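# Have a look; sequence and predicted model below, questions after that.
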Amino acid sequence: MRKSLYLSILFNFFIFFLVSSQEKSVIGRSVDDLPINLYKFGNGNQILIITAGIHGNEVNTSETAEFILNELIQKKIKIPNGKSLWIIPRLNPDGLLKNRRLNNNDVDLNRNFHTDNWQPLIYFSNNIFSAGNKPFSEPETQAIKKLFESLKDKKSVVVLSLHSAGDAIITGNDEYYNKQLANIVYENSDYLFDNIGYNTSGDMTGWLSDKLGIASLTVEFKTKKELDVKNVKRIIKGILDIDIYRSVYIESNRDFGKKYKNIDKIIKDLPKDIIDKIKKNKKAENDFLSNLRAIPKVSEELLIIVNKENLLPRNHVPKDLVELNNSYFKSNKNHYYLRRIILNDLKDMFTNSENDGIILLIVSAFRSYETQEEVFNSWVKQYGFDYASKISAKPGTSQHQLGTTIDFNSLEESFEKTKEGIWLKNNAFKYGFVMSYPKGLEKITGYNYEPWHFRYIGKEASYLVHNFFNENLELFLEWYWEINNNY
C-alpha cells in the first residue's frame, strides 16, 4: 500500500473531528463495509458536486479531492452565498486501499451505471473487466444512485467526476447544457481535449446526463501520479462564480427550431447556383437548416470577418491561446501557438489523416500583429508593395492573428497536387477547417491561391461552406452576419 494511502486514511479521521455532522454524512458503504463519505460546504441551492476515486488505481484524484477538503476546512476556499460545494473523495474505498481499478467484487464501478450502452464486459488496455451482472449491482453505485436521484429535479446541480489520466474534459453526453458546462471548465483550466481516444459504457456521467438530465463532466488529469489541485481549484472558482441555473441550463433551452424559420427570406440574396443547391430537394434544405441552426452561439466569434477591409486591432490576442510543440502535432517549429477551442477537431484530423497514410505538418500557426508586420514588410522589400499585398496580409488583416488558422506542409502552389494537399481539400471541412483562399476566387479574397492555408470555423459552418457555398468562405461569412443582424 502506498504511503499516501495511509496518510489519506489518517486524513479522514482528522476530517471526522473537524467537520460537523451536518456537513459530513455516509451515503453508503463498500463491499468491505468501508464508508463512502459526502462532505458538504455552503448552504445554497446551486450545487457543485465533485466525485473522485471511482477507479482505485487513480489515487491522485482522491488525494486532490482531499487536499481541496482540507483547504475548505481551513477556509482557504470561500463558498459564495447561494452556492454549495459537495465532495465525495473516495467512491471506491476498497479499490483505493489496494491501488486497483476494481472494487472487491472485481467490478469496474464506472461501468456499472444504467446507460443505454451498458454491457456486462468491457475491454480496456488489453484487459477484460466486469461491469457487474447488471447496472447498479454494486453497493457503491447504489449509494450514488440514491444520492443523485434525490437531486434530479433540482436544475442548479452540476457534477465533476475526477479521473486520470487523459488531459481531457469529457461531457456526459452531447446535450447543450453539458457543452455550456464544458466551456466554463475549459475557460478555467488548461486541459486541451474532449476525449481520450475510446468510448465508454455504463459510466457515471453518462447516466447522470442521459437519465437524470444533470450536467456532468469527466475531468481527466494529465498524469496518474501528480495531484492537480491548481486546475481543480480554478474550475471550482469558475463554476461557483456563475449562476449555474442561468449559465448552464437556461442557455440550453433556446429554441433553435424557430430560428431561420423562413428559409426563402434568408437565402434570397444568395447567388442562384447556391440557392439551387439548398432548394434541390427537402433533404438538402433540411441538411442546410440543421447545420445552420447548430452553429453554437458560444463559438460565433470563430466566424468574425477578417480581410483587407475588416482589420483586427494591434492588441488582439485570443484568451485561450495555448503553446504547443511536436508532442501534440507535427510541426517544423519547436513551439507554436493555437487556440484551445480548435484542438479537439485538429487532433481528430491529424489522427484520421495518419490512418489514411497522410502526414500533416504545421508550418505556421498564430501570428501576432507585430509578427505579421515583420512578415509583410519582408515581402515588400523582396517584391514591392503591390505584389506583397497579393501574397501576404497586411498587419491586422491576417487570419493567423485569430489563432485558428494554420499553414500546412508547404507554402508552394504545387502543394495542391500532393497527396496531403488533395486530402486536405477533400476532408478538412469534416473537422471544421476551410481553405481561405481557393483557386478562382482571387478577385473576391484579394489574395493569390493558397492551397496550404486553412481556417477553423467549426464543423457546422465548414460543412455549409463546403457543401453549399462552393468553398467561398468570404461569401458565407458576409451572408451569415447579414442574416443574423437583419432577421
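The structure has been received and is ready for your questions.

# low-scoring stretches of this structure, by residue?
Per-residue confidence of the chain (counting by pLDDT under 70) places the weak regions at 1-22, 251-259, 298, 487.

# With adjacent residues omitted, what lies nearest to the one residue sitting closest to the centre of it?
Here the mean C-alpha position of the chain is nearest to the C-alpha of Asp194 (Cα atoms, centre = their mean), at a distance of 4.4 Å. In this structure, Asp194 finds its nearest non-sequential neighbour in Asn344, 4.6 Å apart by Cβ to Cβ, 6 or more residues apart in numbering. Bear in mind the C-beta positions are built from the backbone N, C-alpha and C, glycine included.

# For the closest residue to Tyr245 other than its chain neighbours, give its distance to Asp108.
Distances taken as Cβ to Cβ, 6+ apart put Ser156 closest to Tyr245, at 4.5 Å, once the chain neighbours are dropped. In this view, Ser156 and Asp108 are 31 Å apart by Cβ to Cβ, to the nearest Å.

# okay, those two: which has more neighbours?
Asp108 (26 against 20; other Cβ atoms under 10 Å).

# That one: what's it in contact with?
His55, Arg101, Leu102, Ile122, Phe124, Phe129, Ser130, Ala131 (Cβ atoms under 8 Å, 6 or more residues apart in numbering).

# Among the residues you listed, the buried ones, what's the ChimeraX command?
Here is the ChimeraX command that selects the buried residues among these (16 or more other Cβ atoms under 10 Å):
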select :55,101,102,122,130,131
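
# for the contacts of Asp108, which one is nearest Thr218?
Ranking the contacts of Asp108 by separation from Thr218, with Cβ to Cβ as the measure, puts His55 on top at 11.1 Å.

# tell me the helices in the stretch 1-150 of the chain, going along the chain?
Along the stretch 1-150 of the chain, counting by DSSP state H, counting those that start in this stretch, helices occupy 3-18, 59-73, 93-98, 139-149.

# Is the residue nearest to Asp194 part of a helix or strand, or is it coil?
Reducing the assignment to helix, strand or coil with DSSP: H, G, I helix; E, B strand; the rest coil, the entry for Asn344 is helix.

# So what's the residue count around it?
Asn344 has 17 neighbouring residues, counting by other Cβ under 10 Å.

# how near is it to Pro296?
14 Å.

# Same check on Asn183?
Taking Cβ to Cβ as the criterion, Asn183 is separated from Pro296 by 9 Å.

# quick one: which of those two has more around it?
Taking Asn183 and Pro296 together and counting by other Cβ under 10 Å, Asn183 has the greater number of neighbours (18 against 15).

# So for the helix or strand hosting that one, what gets flagged as buried?
Using DSSP states H and E, Asn183 sits in helix 176-187. Residues of helix 176-187 classed as buried: Tyr176, Tyr177, Asn178, Lys179, Gln180, Leu181, Ala182, Asn183, Ile184, Val185, Tyr186 (neighbour count, 16+ other Cβ under 10 Å).

# likewise stretch 332-343?
Residues of stretch 332-343 classed as buried by neighbour count (16+ other Cβ under 10 Å): Tyr336, Tyr337, Leu338, Arg339, Arg340, Ile341, Ile342, Leu343.

# Kindly report the domain assignment for the chain.
Dividing the chain into domains by automatic domain parsing, as the record does, gives the ranges 3-251, 295-486.

# what's the offset of the first one from the middle of its chain?
Which is domain 3-251. Mean-position distance between domain 3-251 and its chain equals 18 Å (Cα atoms, centre = their mean, to the nearest Å).

# and the residue nearest to Glu175 when sequence neighbours are not counted, how many neighbours?
Using Cβ to Cβ, 6+ apart and skipping residues adjacent in sequence, the residue nearest Glu175 is Ser209, 6.2 Å away. As a burial measure, the neighbour count of Ser209 was computed by other Cβ under 10 Å and equals 23.

# so what's the residue nearest to Asp194 up against?
By Cβ under 8 Å, 6+ apart, Asn344 lies in contact with Leu192, Phe193, Asp194, Asn195.

# and the gap between it and Lys145?
31 Å.

# Next one: the closest residue to Ile77 other than its chain neighbours relative to Pro80, how far apart?
When the adjacent residues along the chain are set aside, Ile77 lies closest to Glu71, with 4.9 Å between them (Cβ to Cβ, 6+ apart). Here the criterion is Cβ to Cβ. By it, Glu71 lies 16 Å from Pro80.

# what do you get for Asn448?
With the distance defined as Cβ to Cβ, Asn448 ends up 55 Å from Pro80.

# same check, this time on Tyr447
Counting by Cβ to Cβ, the separation of Tyr447 from Pro80 is 50 Å.
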